[in-house]
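[1] Okay, here's the prediction I keep looking at, along with the sequence it came from:
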Amino acid sequence: MSDLLNAMGPRGFGFVYILFGMLAAALPTGLCSVMAVPILLFSAQQALGRHRPTMPKRFDGKQFSADTVQAGIQSKEKWLLRLERFAKPRWHVLTGSAVNRIAAVSCFILASVILLPGPFTNVPPGIAIALFGFAMVERDGLLMLISFIAGIIGFTIGLSAVIATVLLIGRWIAQSGTLPG
């Protein structure tokens, strides 16, 4: 993976957000949490000012199942094609280094929500992360703005789902006096 990231240069951050964001949105709850880890790693690098993503040596050479990646991407192919037609370089003031670093912090926060167990904690944040990736790769300021809005929505939905789940479990425990299971 290091070779691919090096070849992409600064756009490598966008690439990893697209790939792992889409997989986090497409995969079942247990697997999607695994996709949050690389997003956390790379978004932290970008937020700290790195110009290109780097893979830690202990993770370099790790492989993902091609079938899993292909299934995740194919399930979103229709949306990817639409997004690709929409995205283009524009509104350059929203595609600069400072905005990309703020977007990286947003991706870090959204990946943290993906790690939380519960319904709706992976799809909305995963979609927002993938949108940030497209905005970075295409240098599309309008799409970056849309990504921030999607990020707020994804964060709100994901966190609300976790809170609702915790409250429901708490109410169930209070009514039954025992833990589930």
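    Looks like it came in fine. Numbering: from 1, shown residues only.

[2] now whichever helix in the chain runs longest, how far from the chain's geometric center?
    The residue-count maximum for a helix in the chain (DSSP state H) belongs to helix 141-176. In this view, helix 141-176 has its centroid 15 Å away from the chain centroid, taken as CA atoms, centre = their mean, to the nearest Å.

[3] now swap in stretch 90-98 and tell me
    A distance of 20 Å separates the C-alpha centroid of stretch 90-98 from that of its chain, computed with CA atoms, centre = their mean.

[4] Show the average pLDDT along it.
    Mean per-residue pLDDT for stretch 90-98: 90.

[5] Extract the C-alpha trace of it and format it as PDB.
    Extracted C-alpha coordinates of stretch 90-98, given in PDB (Å, rounded to 0.1, in the frame of the first residue of the first chain):
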ATOM      1  CA  ARG A  90     -13.700  24.900  -8.300                       C
ATOM      2  CA  TRP A  91     -13.900  27.200  -5.300                       C
ATOM      3  CA  HIS A  92     -10.200  26.800  -4.700                       C
ATOM      4  CA  VAL A  93     -10.400  28.900  -1.500                       C
ATOM      5  CA  LEU A  94     -12.000  25.800   0.100                       C
ATOM      6  CA  THR A  95      -9.400  23.300  -1.100                       C
ATOM      7  CA  GLY A  96      -6.300  24.800   0.400                       C
ATOM      8  CA  SER A  97      -4.000  23.200   3.000                       C
ATOM      9  CA  ALA A  98      -5.700  24.800   6.100                       C
END
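
[6] follow-up on the earlier one: check which residues of the longest helix of the chain are buried.
    141-144, 146-148, 150-151, 154-155, 157-159, 161-162, 165 (16 or more other CB atoms under 10 Å). C-beta coordinates here come from the backbone N, C-alpha and C atoms, glycine included.

[7] so what does it touch, helix or strand wise?
    helix 97-115, helix 123-138 (3 or more CB pairs under 8 Å, 6 or more residues apart in numbering; DSSP states H and E).

[8] The longest one vs helix 123-138, what angle?
    In terms of direction (axes from the mean of the first three to the mean of the last three CA atoms, to 10 degrees), helix 97-115 departs from helix 123-138 by 150 degrees.

[9] which other residues reach helix 97-115?
    Residues outside helix 97-115 that contact it (CB atoms under 8 Å, 6 or more residues apart in numbering): 13, 17, 21, 24, 32-33, 35-37, 39-40, 43-47, 49, 93, 121-122, 125-126, 128-129, 132, 135-136, 141, 144, 147-148, 151, 154-155, 158-159, 162.

[10] who's in contact with residue 29?
    117, 119, 121, 122.
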